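Asks: take this sequence and fold it.
(chains A and B)
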Amino acid sequence: MTNSYFKTIFREIRRSKARFLSIMLIIFLGVAFYTGIRATGPDMLQAASDYYQKQQLATNSVQSTAGLTRQDRAVLHRHRDQVTYQAVKYLDINQLNNNQTVRVAELPAKQRVNRLTVVSGHLPRRANEIVLDQQARTLQPHLKLGSTYHIATTQARNQRFNRRTLKVVGFVNSPRYIEKATRGVTTVGKGTLDYLAFVRPGTLDQSVASRLDIQFKNLAHVAPYTAKYKRINRANTTRLKAWFKPRAAARQAQLQRQARQQLAPQAAQVAQLAQQLPANSPILRKAQRQLSHAQAKIAAIDRPTYLYSGRAANPGYSEYHENTQRVVALSTVFPLFFIAIAALICLTTMTRMVTELRIQMGTLKALGYSNLAIGSEFMIYGGLASLLGTLLGVGFGVNFFPRFIAQAYGSMYNLPAINVQYLWADIVIALVIALACTMGSAAIVLRVDLRSNPATLMQPKAPKAGKTLWLEHWHSLWRRLSFNHKVTLRNLFRYKQRLLMTVLGIAGCMAMMITGFGLKDSIGDISVKQFNQLWHYDAIVVRSGNQTAAQRRALHRQSLYKNDLLLKQSQVTVERADVANQAATLSVPQRPQRLKKFVVLRNRQSHRAYTLNNHGAIIDEKLAKLYHVKVGDTLPVKLGNHPVKHVRIAAIAENYVNHFIYLSPTYYHRIFDHHAVYNGNLVQFTHHGKSAQNQFASDLLKTSGMLNVTLLSTEKHNNFQMLDTMDLVVVIFVVAAGALALVVLYNLTNINVSERIRELSTIKVLGFYDGEVTMYIFRENLILTVMGILLGCFMGDWLHRYILNTAETDSLMFSPGIHPLSYVYSALLTLAFSLLVMWLMHRKLKRINMLDALKSVD
Amino acid sequence: MAYIDVINETRQFTQGNQVTIANRDISFSVAQGEIVTILGPSGAGKSTLLNILGGMDSPTSGQVLIDGQDIAQLSAKQLTTYRRQDVGFVFQFYNLVPNLTARENVELASQITADAHDVGETLGLVGLTDRASNFPAQLSGGEQQRVAIARAIAKNPKILLCDEPTGALDYQTGKQVLQVIQDGARRTHMTVIIVTHNSAIAKMGDQIIHINDARVQSTRHNPHPTPVAEIEW
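Replies: Residues are numbered from 1 along each chain as shown, chains lettered A, B, ... in the order given. Here you go, the predicted model:
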């Protein structure tokens, strides 16, 4: 290949800047989107993984109802070749002045696991220093470094602090709580923790540890959330339980021994009394009674329960994974669709390029250049455009999309910023597709042309002959059309390939925009429908048993109290071999006819209300879908220690979050063979002030036998925040699809104009005004755009459904409907792009020199 | 008074710092209904002159009076109106819209003009009534050029401009085409300007303007134009 040959190539690139750039831009968009979105999920997971590793996040925790002692630590010490561990002492308090619940923990001198990250200030160095969780600063903005922090809770708990006035010296984040707002549950105050505080050892007057945080060394370098992690973790947990197995009995014996030791002086005293006093002396009898009572109490000291939990128990830990999985789900089909549209347009553009350069090809061939040499011009041109587009696309996509999306999630999680990673497999796939689009399509088109002899090539290709349309045989219609419309229709059907490409291109972009908007609808509707239409209660109260009179009075006396419903609520698992076990809430309302005031059970489509009967249960739609069951089938349900029971399905109701199974008391009795214990209330409030709700919860929890109060407002808030973030992700999709639509339209219109420049010049010479010339082309574009929009509606509907199916988790159902407005927005945007492109073309057409085109040979 | 008055018309093209003069101080006048032939070798500036007369280009200086109106001063939009109402164009390479039938190609022009001739009649005039529903690809070169002439005439223009109308045609067909132009001109009293490099064809004009090297070499009135049938080349 000669020097001047290369010169032709670079001159061709310079001459056709617009075409070169548009190929590059399309490849850029396609590749950026593909590689960027594909990298987002893995990047987000990597960020979490790195963070956990850096902060030495514990893999397991052990708690005991009787606290943990030196002997418990000794168990772990014996296995120190396998684990790193740390004992934590903490006390949960309810700050009386502002009703905030705080977990005050002693920070060990050396943090082996769950290392805190210091956001500002430093960790406590002196006994009077305290560091607070970042969330404290959110809840109480007046707290600053140097502020005085005062612990003021109930008398009994106050006494368990050696020091209650402390100086704030730092703000920190704990790796156990990656979600910004949630800190888990507690038994004091409103039942949920607000924030954490850390002090020096010795601040708490407490001999036993509250929790042992353990990190198994064999998991130190295993990526969290993976199957491998889960497998090893399962084995580890089994081992951990085995190590601690003897501890419960030993601890019980130890507690009894300690108690007996305490009782020993009293026993000795009684024995002494028995010698001094007659056996029937009232004093002696009283002392003996007291002693035996105390001894009975010692004997009744229960074996403590050891509780084992993994990382999944940390609030936010699993949700974060679910969120990344949602992004991953979006990144399966959507970017591929995107890159396919880009490929389509490149193909059209390259085909056009080959046609335009026919004469040059012929000349080179006549001069004796080989087919390979001639063909390689297109290869180099296309390859260069693809390569540059891919390079820029990868550079931009991999850096922008993951950062942007992760930053959106950053408002919910306190994880460090992500480090972008280049997923080479995806990048290679993108490059191959990009090269195939340009070089591949050029090769296909060239194969035909290069076979012709130079003489044929040097003659311009005969323009495609006009043809009568089948439509013209429909005389009554054809005659009624105006001349312009006839021309438009004739032209549309003349270039069938371009018609197809344009319609597909526009439809593709339209479909992606609809999918974007549709996802927003589907995700947004979950919260709107679940919280505003289906659930009409504000709090769930859980008790240890049936409602006592005192509990009833405590509830009714609340100023917020409006109405309540007694029900039984328990967690059950649905177990069938072919489907992963699902956790569901089994509820039995004491008076089923009142349920509808609190929970709406209805058909999703017809909104027909369902009522509980004595022949079956009402379950949620997603549960039915997971187990492929319909009304009349049975569902295997396992409740506590009962054997699996088969519950008949009476109705399937609309629901989006979690699973439920509702039964009437009679049906419950028939299935489980005992009467339901009504251990909960659904409560409605008169109004919804935040502090009043917290007051409600903390008040109720003071009543004995109350286990937990869940306020729906908190859940609602978290849910809506998650959806806001999802919204932002969706916006990216819409913007990207819009950008692609614009480029597609511009490119196709450009090709259309350049192909028909002669025709346009002719009508210009004939005296068509600029506007008329533009309309001559635009009428066709408009029809193609409208066709594309219509087809796009169907494609979008399909793509949306597909993505929802893959993005859904087991315990979540998206609202499947797309709002009509979303179709309208997408269509309007597409039309607007079409108009914008036409405006650009109008300006270009005005400047066209009509004489140049008409002078050349046809 | 003359219908067309070209006075000191000059057209120069500037590309970078290179100036090419295509027309230099060209002056002539044409009476209404005349057939004028402009003769000259290629590159002499004939086509530039024709384009300026047709309102597709504007002179750098000088006046071009058409029926008293100086089209050198018109805006782009006014020039379009001028082309639309007053000018019919015939090119060497026909420039038919390939996707329209012969009749539709003529309609394309007639439908934008206020007092257009009947399309059917015009096609009859050029002898193509029975080819009206054929597409350009189904027509011979001569037939295509006759469609192009019909398209120009159908607008009922005041001036018919023909740029080498027989350039791409063989002898016999070329003569047929010239005959059609001549007949059409005589019947509709159009003013016709034909650009050619063929001196034999030039003899059919009432006036023959010879252009060479961007200037008018001579203008000669031809009181007895040769009938097309007698022209030989």
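Asks: give me the residue from the stretch 1-150 of chain A nearest chain B.
Replies: Residue nearest to chain B within the stretch 1-150 of chain A: residue A:15 (16.0 Å; CB to the nearest CB). The C-beta positions use only the backbone N, C-alpha and C, and glycine is treated the same way.
Asks: shaky segments in the stretch 151-300 of chain A?
Replies: Within the stretch 151-300 of chain A, not a single segment meets pLDDT under 70.
Asks: oops, could you answer that again for chain B instead?
Replies: Low-confidence regions of chain B, defined by pLDDT under 70, span residues B:1.
Asks: which helix is the longest one in the chain?
Replies: Went with chain A since none was named. In chain A, assigned by DSSP state H, the helix with the most residues is helix A:712-755.
Asks: I was after chain B.
Replies: helix B:171-188.
Asks: for it, which residues meet the burial criterion?
Replies: B:173-182, B:184-185, B:188 (16 or more other CB atoms under 10 Å in any protein chain shown).
Asks: got a markdown table for these, with distance to chain A too?
Replies: Output for the buried residues of helix B:171-188, formatted as a markdown table (distance: CB to the nearest CB, whole Å):
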| residue | distance to chain A |
| --- | --- |
| B:173 | 16 |
| B:174 | 17 |
| B:175 | 22 |
| B:176 | 20 |
| B:177 | 16 |
| B:178 | 21 |
| B:179 | 24 |
| B:180 | 19 |
| B:181 | 18 |
| B:182 | 23 |
| B:184 | 17 |
| B:185 | 19 |
| B:188 | 18 |
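Asks: between those, which sits nearest residue B:112?
Replies: Using CB to CB, the shortest approach to residue B:112 within those belongs to residue B:188, at 18.4 Å.
Asks: so that closest one touches residue B:158, yeah?
Replies: No. Counting by CB atoms under 8 Å, residue B:188 does not reach residue B:158; the two are 9.8 Å apart.
Asks: so the nearest residue to residue A:225 once chain neighbours are set aside, which of the three states?
Replies: Closest residue in space to residue A:225, ignoring its immediate chain neighbours: residue A:321 at 4.7 Å, by CB to CB, 6 or more residues apart in numbering or on different chains. What DSSP: H, G, I helix; E, B strand; the rest coil gives for residue A:321 is helix.
Asks: what's the neighbour count on residue A:321?
Replies: When neighbours are defined as other CB atoms under 10 Å in any protein chain shown, residue A:321 has 18 of them.
Asks: now do residue A:258
Replies: When neighbours are defined as other CB under 10 Å, residue A:258 has 12 of them.
Asks: go ahead and flag the most central residue of the chain.
Replies: Since you didn't name a chain, this refers to chain A. residue A:323 (2.5 Å; CA atoms, centre = their mean).
Asks: to clarify, I was referring to chain B.
Replies: Nearest to the mean C-alpha position of chain B, counting by CA atoms, centre = their mean, stands residue B:161 at 1.3 Å.
Asks: in which helix or strand does that one reside?
Replies: Element membership for residue B:161 (DSSP states H and E) is strand B:159-163.
Asks: what's near enough to touch the residue of chain A found nearest chain B?
Replies: Residue nearest to chain B within chain A: residue A:767 (2.7 Å; CB to the nearest CB). When contacts are counted by CB atoms under 8 Å, 6 or more residues apart in numbering or on different chains, residue A:767 is found next to B:80, B:81, B:82, B:83, B:84, B:85, B:87, B:112, B:113, B:155.
Asks: how much space separates the nearest residue to it once chain neighbours are set aside from residue A:765?
Replies: Using CB to CB, 6+ apart and skipping the chain neighbours, the partner closest in space to residue A:767 is residue B:84 (2.7 Å). Counting by CB to CB, to the nearest Å, the gap between residue B:84 and residue A:765 amounts to 10 Å.
Asks: same question, residue A:140
Replies: Per CB to CB, residue A:140 is found 79 Å from residue A:765.
Asks: what residues sit buried inside the strand holding residue B:161?
Replies: For strand B:159-163, burial by neighbour count (16+ other CB under 10 Å) applies to B:159, B:160, B:161, B:162, B:163.
Asks: closest to chain A out of these?
Replies: Proximity of these to chain A was ranked by CB to the nearest CB; the top entry is residue B:163 with 8.7 Å.
Asks: wait, doesn't residue A:635 sit right on residue A:652?
Replies: No. Here residue A:635 does not reach residue A:652: they are 10.6 Å apart, not a contact under CB under 8 Å.
Asks: check chain B for the residue nearest chain A and tell me.
Replies: Nearest residue of chain B to chain A: residue B:84, at 2.7 Å (CB to the nearest CB).
Asks: test my guess that that residue contacts residue A:766.
Replies: Yes. Using CB under 8 Å, residue B:84 makes contact with residue A:766 at a distance of 7.3 Å.
Asks: done for today, thanks.
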